[in-house]
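Participant: sequence and predicted structure below; questions after.
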Amino acid sequence: MKNKVILALLVIWCLGSGAYAITGEEIVNKVDANMTSKTSYSESRMVITVDNDVREKMMISYDKGTDTGYAEFLTPVRDKGVKYLKIKDNMWMYLPSVDKVIKISGAMLRQSMMGSDFSYEDALESAKLLEKYTATLISTEVLPVSFRTQDKIEIKARLCYVVDLTAKVKDVTYYRRVIYVDREYFVPVKEDLFALSGKKLKEMTMGEIKRIGSRHYPMYMTMRNLLRANSNTELFVTKTEFDIPVDPKVFTQGNLTK
């Protein structure tokens, strides 16, 4: 009888202490492996809603690893030809209206990118999370997650890991992040972003998860900047390819003015 009581107490302790067969670091590494590739190409539609004003933009983008990227806006007419180049911690923007390349740095990094809820700092983030954050698995939670199969969207209740990320270096956009990760596919489906003060700054959700080759990838993302009233930005990925040949010249400043 005594042994049974001890065993029961051990089970209760394990459940209460958050004992898991996987660590926060292992989860983040699996997310990185699923979400990143040597190269990628995407076609996307961005929808920015501020109060009753809705703006839609079309763009294409190329990425090389996690620290090199190129994006070009195709519509609307006023944004056609605006281009961005990211190389590690540097970003440049080309404005066709004045035929000029501008380096985005300093206070500009905190500004809204193309009027969206994303900042330039958000777009610049390239380092793997574990290089800047300590990851702790704090719980599991069931969330509604959308999946895309061909043209069909289905909502499923999915068990997710909840991982707390706390900055271990000073040079970070957000001091703390809480990320919700699908336990089976290791896709992030929600993320809360906090300042050092503890104030929540932004909320991001991801869905319409689609199987592409050996990975599962979110084809939809929404970002809410909680410091802007009645603001929301949605990103719909209409096409994406991974590990494809990409001309290295795409990722050069010379390509911005072509």
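Facilitator: Looks like it arrived, so ask away.
Participant: ok, now which ones touch Tyr220?
Facilitator: Applying CB atoms under 8 Å, 6 or more residues apart in numbering, we find Tyr220 in contact with 146, 206-208, 234-237. Glycine gets a C-beta too; all of them are placed from N, C-alpha and C.
Participant: could you redo the last one with a cut-off of 6 Å?
Facilitator: 207-208, 236 (CB atoms under 6 Å, 6 or more residues apart in numbering).
Participant: looking at the residues you listed, state which has the most neighbours.
Facilitator: Gly207 (20 neighbours; other CB atoms under 10 Å).
Participant: which SS state does Lys30 fall under?
Facilitator: helix (DSSP: H, G, I helix; E, B strand; the rest coil).
Participant: all further residue positions should be reported with the first residue as 29.
Facilitator: Yep, numbering from 29; the last one is Lys58 now.
Participant: ok, Met86 touching Leu102?
Facilitator: Yes. Under the criterion of CB atoms under 6 Å, Met86 makes contact with Leu102 at 4.5 Å.
Participant: about what we covered before: with pLDDT and secondary structure added, can I get the contacts of Tyr248 in TSV?
Facilitator: TSV is the format used below for those (pLDDT from 0 to 100; DSSP: H, G, I helix; E, B strand; the rest coil):
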residue	pLDDT	secondary structure
Gly235	97	strand
Glu236	97	strand
Phe264	97	strand
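Participant: coming back round to it: and Met86 and Leu102? Which one has more around it.
Facilitator: Regarding Met86 and Leu102, a neighbour count based on other CB under 10 Å identifies Met86 as having more, with 17 against 14.
Participant: what's across from the more buried one in the sheet?
Facilitator: Arg73, Thr103 (DSSP bridges).
Participant: nice, that's everything, thank you.
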